[in-house]
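**Q** Give me a model of this one.
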Amino acid sequence: MTGDARPTRRAGLRTLAAAAAAVPLLGTAGSSAARHESSAPRRRARRVPPLEVMSFNLRVPAAKDPWPLRRPVMRTLLRRAAPQVIGTQEGQFTQLRNVWADLGPHYDWIGTPGSGNEESTAVYYDVRRLDPVEHDVFRLSDTPTVPGSSTWGGAFPRLVTRVRFRDRLDAGREFHVLNTHLDHRGAYARSRAAALIAERIRGLGPDLPVLLTGDFNAAAHASTAYDTLLACGLVDTWDTARRRGPAYGTFHGYQALRPDGDRIDWILATPGVTVHRSWLDTFAVDGQYPSDHLPLLASLSLG
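**A** The predicted model follows:
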C-alpha cells in the first residue's frame, strides 16, 4: 500500500474544503476599512483543542490471555480515552477490525500488513478531526520496499507506517505520524532500525511536525535506539511535558505495576510541538488489563 492515495478502510481520502481568503483593498478603501476596524470589537482567535495521541501495544491474541477476555476491557479503555491518534503494535487483522468496531463510527484506520508474515503497525484516527493526506509503509531492513524483509537478525519482520494528516480544527495544519515496533530480540536490529527511521524522518524535511509512536523494546535514556532518534532532532514527549502522570514500566506482563520501571513505549516529536501532559493509562477491570503493555498518551499542540 506504499504511496496509495486511498488509505482508509471506509471511503478513501476525505478532503478538506479550502475557504477563500478575503484580500483587503489598498489606498483609500483600505484606510477606511482600517478606521472601521479600529472601532469594532476584536474577535478572539479560536482556540485549537489539544491533539491527544496514544501509543499502545495491543498484545497478539494468545491462549494464556485470550483476546475475547481482554477485548471488553480494551473497548472501555479506548472509549474512555478517545484520543485522536492511536499508534498500535502487534495487532492481528481480526483483532484490528475488532478495535476499529469498538472505537465507534468516528474512527478509521490505516496499516494492513503487506504480506502474511508481517505485523501491522496500524494507525487509528478520529475522522471528525483528521484527514489523511498520504501514507506509506517501509520495512526495517536493508530492503525497505520488500514485503516481509528482515536483514538485521531480528526475530520477525518489522515495519513503519507513516501517515501525513491534515488537522481540520487547526486551519488545515499538516503533520506526520510514524508508528513502529522494534525488534525484541537484538540490540543491533533495534539500533539499525532506529538509524533508518531517523534517516526517513530527516528526509521528510523541516516544514511539518513529526510524531513517532511505538513499542521500541528498549528503555528510554538507556539504549542506542533512543539516543539515535533523539540525535536526529526528536524530543521525548514524556520529558518535555508540562505535567506527567505517575511513572511505571510500560511493559507489565500482567504483573504488579513497577513504579519508575523501564519505559519502552515512547511518543517522540519534533521540538516545536508543545506537550501539555503525558501519562500512562492504568485502566483495568477486576485486575484484568487489556494488554501486557500500558498505553502511553500525550496531549499536545503542534505549534
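**Q** contacts, neighbours, all on C-alpha from now
**A** Will do.
**Q** which SS class is Leu257?
**A** coil (DSSP: H, G, I helix; E, B strand; the rest coil).
**Q** Apart from its chain neighbours, what residue comes closest to it?
**A** Spatially, and ignoring its direct neighbours in sequence, Leu257 is nearest to Tyr248 (6.3 Å; C-alpha to C-alpha, 6 or more residues apart in numbering).
**Q** how about that neighbour, what does it touch?
**A** Contact analysis of Tyr248 by C-alpha atoms under 8 Å, 6 or more residues apart in numbering lists 257-263, 280.
**Q** beta partners of it?
**A** Pro259 (DSSP bridges).
**Q** So it versus Pro259, what's the distance?
**A** With distances taken as C-alpha to C-alpha, to the nearest Å, Tyr248 is found 4 Å from Pro259.
**Q** how deep is Gly148 tucked in, by neighbour count?
**A** 21 (other C-alpha atoms under 10 Å).
**Q** how near is it to Gly186?
**A** 18 Å.
**Q** With Pro206 instead?
**A** Taken as C-alpha to C-alpha, the span from Pro206 to Gly186 is 31 Å.
**Q** okay, the two: which has more neighbours?
**A** Using other C-alpha under 10 Å as the criterion, Pro206 and Gly186 rank with Gly186 on top: 14 against 10.
**Q** Next, the contact list for Val60, please.
**A** 67, 90-92.
**Q** Rebuild the residues you listed as CSV, extending it with neighbour count.
**A** Converted to CSV, the contacts of Val60 look like this (neighbours: other C-alpha atoms under 10 Å):
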residue, neighbour count
Trp67, 18
Glu90, 21
Gly91, 21
Gln92, 20
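**Q** want to throw those residues into CSV with pLDDT?
**A** As requested, the contacts of Val60 are exported to CSV (pLDDT from 0 to 100):
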residue, pLDDT
Trp67, 97
Glu90, 95
Gly91, 92
Gln92, 91
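**Q** Which pair in those residues has the greatest spatial separation?
**A** The span of the contacts of Val60, defined through C-alpha to C-alpha, is set by Trp67 and Glu90 at 12.5 Å.
**Q** Would you check how far apart Asp227 and Gly186 are?
**A** 16 Å.
**Q** now do Ala63
**A** From Ala63 to Gly186 the distance is 26 Å (C-alpha to C-alpha).
**Q** on that earlier part again, can you tell me which of the contacts of Tyr248 is closest to Ala81?
**A** Distances from Ala81 to these, taken by C-alpha to C-alpha, are shortest for Leu280, at 10.9 Å.
**Q** Just give me the neighbour total for the closest one.
**A** Neighbour tally, Leu280, other C-alpha under 10 Å: 20.
**Q** Okay, and the beta partners of it?
**A** Here Leu280, judged by DSSP bridges, has bridge partners Leu296.
**Q** Next, the contact list for it, please.
**A** Leu280 touches 245-248, 250, 294-297, counting by C-alpha under 8 Å, 6+ apart.
**Q** Can you select the buried ones from these in ChimeraX?
**A** Selecting only the buried entries of those in ChimeraX, with 16 or more other C-alpha atoms under 10 Å as the criterion:
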select :247,248,250,294,295,296,297
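**Q** Turn the contacts of Leu280 into a markdown table, columns for pLDDT.
**A** Shown next, in a markdown table, are those (pLDDT from 0 to 100):
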| residue | pLDDT |
| --- | --- |
| Gly245 | 97 |
| Pro246 | 97 |
| Ala247 | 97 |
| Tyr248 | 98 |
| Thr250 | 98 |
| Leu294 | 98 |
| Pro295 | 98 |
| Leu296 | 98 |
| Leu297 | 98 |
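**Q** Which one of the contacts of Leu280 is nearest to Val85?
**A** Val85 has its nearest neighbour among those in Leu297, at 9.7 Å by C-alpha to C-alpha.
**Q** Was I right to think that closest one contacts His276?
**A** No - taking contacts as C-alpha atoms under 8 Å, Leu297 lies outside contact range of His276: 10.9 Å.
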